[in-house]
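In: I would like to see how this sequence folds:
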Amino acid sequence: MKKINPFQPNSPVTTAMFAGRYDEIKELELGLFQTQKGHNTNFLITGERGIGKSSLMMVLKYVADGTLKSFDDEKFNFTVINLVISDETDLPTLIKLIERKITRELNKIEKMRSFVKESWEFVKRIKVMDSGISSLDTDSELDILMDDFAYSLAQTSKRIGKLEGSDKKDGIVFLLDECDKASDNLKIGYFIKLTTELLQQNNCNNIMFTLAGLPDTVERLTSSHESSLRVMNHLKIVELSPPDRKYVIEKGIEKANEINVDKTTISESAKIQISTLSEGYPHFIQQFSYSAFESNNDGEISEEDVLDGAFKKGGAIDAIGSKYYANAYHDQIKSDDYREVLSIMAEKMSSWVKKSEIRESFTGNDSTLKNALQALTTRKIILKNPSKVGEYRLQQRGFALWIKLFGDRQKKTQ
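Out: Just a heads-up that it's a prediction; the model follows:
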């Protein structure tokens with residue numbers, strides 16, 4: 001009999017299976033409290049792919065809008081605006097998206113409908129063409145747009161704070177995900193810095209911005225405004241601890257047994273194997289658990305089920321690699337020499353490798369090796385040891401495993 005697999009490697013982790021991040025959630029909740037009391041706080045959340053940034057943002061959303069209570073048993077009531085940044089998003093487009101999201105949310109409150117329509121009338125002046133919203137012609141036009149935007153945002157936030165009963169809001173929380181994709185035309189650092197300053201000038205202090213993205217989001221912000229980081233608290237998300245990894249696995253099994261007639265158990269050695277293979281990345285825990293669940297056919301997930309689900313073609317490592325590593329290995333690298341360097345480094349998994357050790361196995365010349373290491377480091381495909389000259393490593397053991405098992409597959413099929 002088929003079973004419903006409770007693990008969801010292709011979606012943010014549900015709050016029921018969310019684990020860890022206690023310190024981060026407490027700090028975000030304190031930011032909500034501060035913002036509610038008129039001392040707005042902004043955040044930047046960074047971390048590697050699969051580390052759980054989007055899941056953390058989802059928890060923040062549910063706490064901010066009152067779906068979940070805080071750790072201190074408080075219930076907030078913010079209007080939450082979710083936005084996902086793409087490389088096509090420019091600044092006028094972002095403002096237009098914010099206007100649409102705010103309008104949709106506040107149109108649910110009858111008393112706000114006419115106010116919102118009038119307050120955001122300026123958005124119609126943004127140039128609109130069949131292909132989308134074009135960039136503004138001059139810096140002065142941009143400054144005028146930002147001034148109108150901040151004023152309308154401030155007035156809106158003040159107004160929803162004066163409503164009565166359940167309609168009254170604590171303020172507005174903006175959640176901007178995938179900010180590492182921000183283009184130069186978005187001017188994301190400029191947007192955050194100027195918006196927060198203009199809101200203060202308009203005596204509005206109950207709006208909170210939270211941005212999330214890969215570590216190079218920091219560069220995206222500072223490249224358009226070197227002071228943008230000063231208005232945000234920076235939370236760097238790291239791997240889950242072994243106990244938290246175990247918790248996620250066990251909650252998944254509990255969920256499976258709630259929805260399936262035939263019950264499932266999992267051995268301690270299987271939990272340890274999933275914990276080790278995942279390296280504490282929440283997305284990877286979901287993928288390895290999902291694949292192990294699918295490989296099992298006797299009701300108890302064993303270490304053998306985990307390994308079978310992990311290493312087979314189409315299994316966990318293959319799936320993770322297709323999503324996280326294949327682009328870096330095939331599309332970002334146009335040289336087989338560079339891929340050879342990665343294959344050599346993969347033999348050491350994610351341990352530091354000396355350049356001299358790579359040279360011993362590399363078939364190309366010294367100049368090619370130097371160029372390869374420089375290019376791979378610049379593209380952030382490998383990491384350079386900041387404390388030791390001439391040492392490099394792959395970012396994750398999973399990347400090494402995928403290279404060893406599946407890296408040459410595309411070449412073989414061509």
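
In: you'd agree G309 is up against E294?
Out: Yes: between G309 and E294 a contact is recorded at 6.1 Å, counting by C-beta atoms under 8 Å. C-beta: built from backbone N, CA, C; applies to glycine.

In: the two - which one has more neighbours?
Out: G309 (26 against 17; other C-beta atoms under 10 Å).

In: what sits against the more buried one?
Out: Applying C-beta atoms under 8 Å, 6 or more residues apart in numbering, one finds that G309 lies in contact with 288, 290-295, 315-316.

In: from I317, how far out is it?
Out: The spacing between G309 and I317, counted by C-beta to C-beta, to the nearest Å, is 9 Å.

In: picking that back up, scan the contacts of G309 and report the most crowded one.
Out: In terms of neighbours by other C-beta under 10 Å, these top out with F288 at 32 neighbours.

In: that one contacts D308, doesn't it?
Out: No: between F288 and D308 there is no contact under C-beta under 8 Å: 11.3 Å.

In: pLDDT score for T156?
Out: Here, the pLDDT recorded for T156 equals 96.

In: what's around it, how many residues?
Out: A total of 24 residues lie near T156 under the criterion other C-beta under 10 Å.

In: element containing it, please.
Out: Taking DSSP states H and E as the definition, one finds T156 inside helix 139-160.

In: for that helix, packing partners?
Out: Packed against helix 139-160 by the contact rule (3 or more C-beta pairs under 8 Å, 6 or more residues apart in numbering; DSSP states H and E) you find helix 91-106, helix 113-119, strand 172-177, helix 188-201, strand 207-213.

In: could you give the mean pLDDT of the longest one?
Out: Model confidence over helix 91-106 averages 94 on the pLDDT scale.

In: buried stuff in it?
Out: Within helix 91-106, the residues that count as buried by 16 or more other C-beta atoms under 10 Å are 91-99, 101-103, 105-106.

In: who touches the residue minimising distance to the centre of the chain in this structure?
Out: Closest residue to the average C-alpha location of the chain: K53 at 3.9 Å, with C-alpha atoms, centre = their mean. Going by C-beta under 8 Å, 6+ apart, K53 touches 45-47, 177, 212-213, 237.

In: swap in P12?
Out: Applying C-beta under 8 Å, 6+ apart, we find P12 in contact with 54-55, 57-58.

In: same thing with S152?
Out: Residues in contact with S152 (C-beta under 8 Å, 6+ apart) are 119-120, 122.

In: what does stretch 366-386 contact?
Out: Outside stretch 366-386, the residues touching it (C-beta under 8 Å, 6+ apart) are 216, 328-329, 332-333, 335, 337-338, 341-342, 345, 352, 355, 358-359, 362, 364, 391-395.

In: okay, strands next: where are they in the chain?
Out: Along the chain, the segments classed as strands by DSSP state E run 43-46, 79-84, 128-129, 132-133, 172-177, 207-213, 233-236, 265-266, 300-301, 353-354, 382-384, 391-394.

In: got the domain boundaries for the chain?
Out: Recorded structural domains for the chain (assignment: automatic domain parsing) are 21-236, 242-321, 333-413.

In: now this structure, which segments are flagged as low pLDDT?
Out: Per-residue confidence for the chain (pLDDT under 70) gives these ranges: 1, 13-17, 127-139, 408-414.

In: tally of neighbours for S302?
Out: Counted by other C-beta under 10 Å, the residues lying close to S302 total 18.

In: any idea how far L97 is from M146?
Out: As for M146, its distance to L97 is 15 Å (criterion: C-beta to C-beta).

In: any idea how far T276 is from D308?
Out: The value you get for D308 to T276, if C-beta to C-beta is used, is 16 Å.

In: enumerate every residue touching the nearest residue to I45 once chain neighbours are set aside.
Out: Spatial nearest neighbour of I45, chain neighbours left out: A212 (4.2 Å); criterion: C-beta to C-beta, 6 or more residues apart in numbering. Residues near A212 by C-beta under 8 Å, 6+ apart: 44-46, 53-54, 56-57, 175-179.

In: now render those residues as CSV, adding distance to F7.
Out: Listed next are those as CSV, based on distance: C-beta to C-beta, whole Å:
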residue, distance to F7
L44, 29
I45, 24
T46, 26
K53, 19
S54, 16
L56, 18
M57, 20
L175, 25
L176, 28
D177, 22
E178, 23
C179, 28
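
In: thanks a lot, see you next time.
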